[in-house]
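*Asks:* Everything below, folded, please.
(one chain, ligands or ions: 1)
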Amino acid sequence: MNTDICYLNGQFLPLSEAKVSVLDRGFIFGDGVYEVVPVYSRRPFRLAEHLRRMQRSLDAIRLPNPLPDTEWTKLTNELVARNGGDDLSIYYEVTRGAAKRDHQFPVGVAPTVFMMAGPLVTPARELVENGVPCITGTDFRWLMCDVKSVSLLGNCLLKQSAVDAGAAEIVLFRDGYLTEASASNVFVVKDGVILAPPKNHLVLPGITYDVVLELAAAAKLPHEVREIRESEVKKADELWLTSSTKEVLAVTALDGKPVGDGKPGPVFRRMWQLYQDFKQQVMRRAA
Ligand code: PMP
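*Replies:* Residues are numbered from 1 along each chain as shown. Reported below is the predicted structural model:
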């Protein structure tokens, strides 16, 4: 499956030929935002919601959106059409463009607009059935974690500490409360109730997070959005990670101790099935 074609500043071209300036503020300062949209059966999933989140990110860093949503939609469809494969992940990046290195915003500089496609790799059956181990850590990132910024050094350092420990993710706490993980949102199940931390400046407002809460509401599964203490996470019956690529994934060990009975729990299995059914019915509806 070939996913070699990308888009850069008005042109579709092979990834190996796409070049940006070393003065690009994305490279120099991490001054840009990004999005990742999953594509199922060649249909972008919740594109409007992803574009809305990108607009929020751009507003937060005071970078005017270079394209209207109609154009983003057209480019997305064209990128899908020019690449192979049924299920893709589309990456979008907008930076403040290339300018002489100076912290303040440059004047009259065109933003850099980049999009690429890759295969959408969702968790293998074995991971869904057994869950994954995670570690815990202190959330030392900045205070604008709701912005999908390309400045991801904090997230990269945290993720690597998980990898170094043989874990899939690191579940983060700030001031004694659950925030999220390095590249996923986190849900807790206690006494049959699904708990989710509120969407605020300390977490990325996940599109999958919203889907999971909508599915819980539609299936009348008890759920609550509220601050979750670290001690509650450590005593959880179930713990889940969610993201566009992980979908819903059970955490079965935390810092080397089993979560619940150490197997993906019944509420997880229900939610995983609801998510798969939803994908089948909504995302893969007959073309
Ligand atoms: N939090 C962080 C820090 C992430 O990087 C991601 C994935 N990009 C998420 C949460 C999940 O977001 P989504 O469900 O939109 O993929």
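*Asks:* Tell me the residues on the stretch 101-250 of the chain that lie near the ligand, please.
*Replies:* 155, 180, 183-185, 204, 206-209, 242-244 (C-beta under 6 Å from any ligand atom). For glycine as for every other residue, the C-beta is placed from the backbone atoms N, C-alpha and C.
*Asks:* will you turn the residues you listed into JSON lines that also has distance to Val132?
*Replies:* As requested, these are exported to JSON lines (distance: C-beta to C-beta, whole Å):
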{"residue": "Asn155", "distance to Val132": "18"}
{"residue": "Glu180", "distance to Val132": "16"}
{"residue": "Ala183", "distance to Val132": "13"}
{"residue": "Ser184", "distance to Val132": "10"}
{"residue": "Asn185", "distance to Val132": "15"}
{"residue": "Leu204", "distance to Val132": "19"}
{"residue": "Gly206", "distance to Val132": "17"}
{"residue": "Ile207", "distance to Val132": "21"}
{"residue": "Thr208", "distance to Val132": "16"}
{"residue": "Tyr209", "distance to Val132": "18"}
{"residue": "Thr242", "distance to Val132": "13"}
{"residue": "Ser243", "distance to Val132": "12"}
{"residue": "Ser244", "distance to Val132": "17"}
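*Asks:* mind checking how far Leu13 is from Phe114?
*Replies:* As judged by C-beta to C-beta, to the nearest Å, Leu13 and Phe114 stand 11 Å apart.
*Asks:* So for those two, which residue has more residues nearby?
*Replies:* Phe114 (20 against 13; other C-beta atoms under 10 Å).
*Asks:* Report the beta-bridge partner residues of the more buried one.
*Replies:* Phe114 has the following beta-bridge partners by DSSP bridges: Leu8, Glu93.
*Asks:* sorry, back to before: what sits in contact with each of Leu13 and Phe114?
*Replies:* The contact sets of Leu13 and Phe114 overlap at 6-7 (C-beta atoms under 8 Å, 6 or more residues apart in numbering).
*Asks:* is any part of stretch 92-99 close to the ligand?
*Replies:* No: Stretch 92-99 lies apart from the ligand when judged by C-beta under 6 Å from any ligand atom; the minimum separation is 11.8 Å.
*Asks:* Strands of the stretch 1-150 of the chain, start to end?
*Replies:* Listed in chain order, the strands of the stretch 1-150 of the chain (DSSP state E, counting those that start in this stretch) span 5-8, 11-14, 32-40, 43-44, 88-95, 112-119, 132-138.
*Asks:* and those strands, which one is worst for confidence?
*Replies:* The weakest mean pLDDT among these belongs to strand 43-44, with a mean of 94.
*Asks:* My guess is Phe173 contacts Glu180. True?
*Replies:* No: applying C-beta atoms under 8 Å, one finds Phe173 not in contact with Glu180, separated by 10.1 Å.
*Asks:* list residues touching both of these two?
*Replies:* Asp139.
*Asks:* more neighbours, those two?
*Replies:* Glu180 (26 against 17).
*Asks:* In terms of helices and strands, where is that one?
*Replies:* strand 177-181 (DSSP states H and E).
*Asks:* I'd like the average pLDDT over that strand.
*Replies:* 98.
*Asks:* Show me what that strand is packed against.
*Replies:* Secondary-structure packing of strand 177-181 (3 or more C-beta pairs under 8 Å, 6 or more residues apart in numbering; DSSP states H and E): strand 169-174, strand 185-190, helix 230-234.
*Asks:* how about 10 Å then?
*Replies:* strand 132-138, helix 153-164, strand 169-174, strand 185-190, helix 230-234, strand 238-243 (3 or more C-beta pairs under 10 Å, 6 or more residues apart in numbering; DSSP states H and E).
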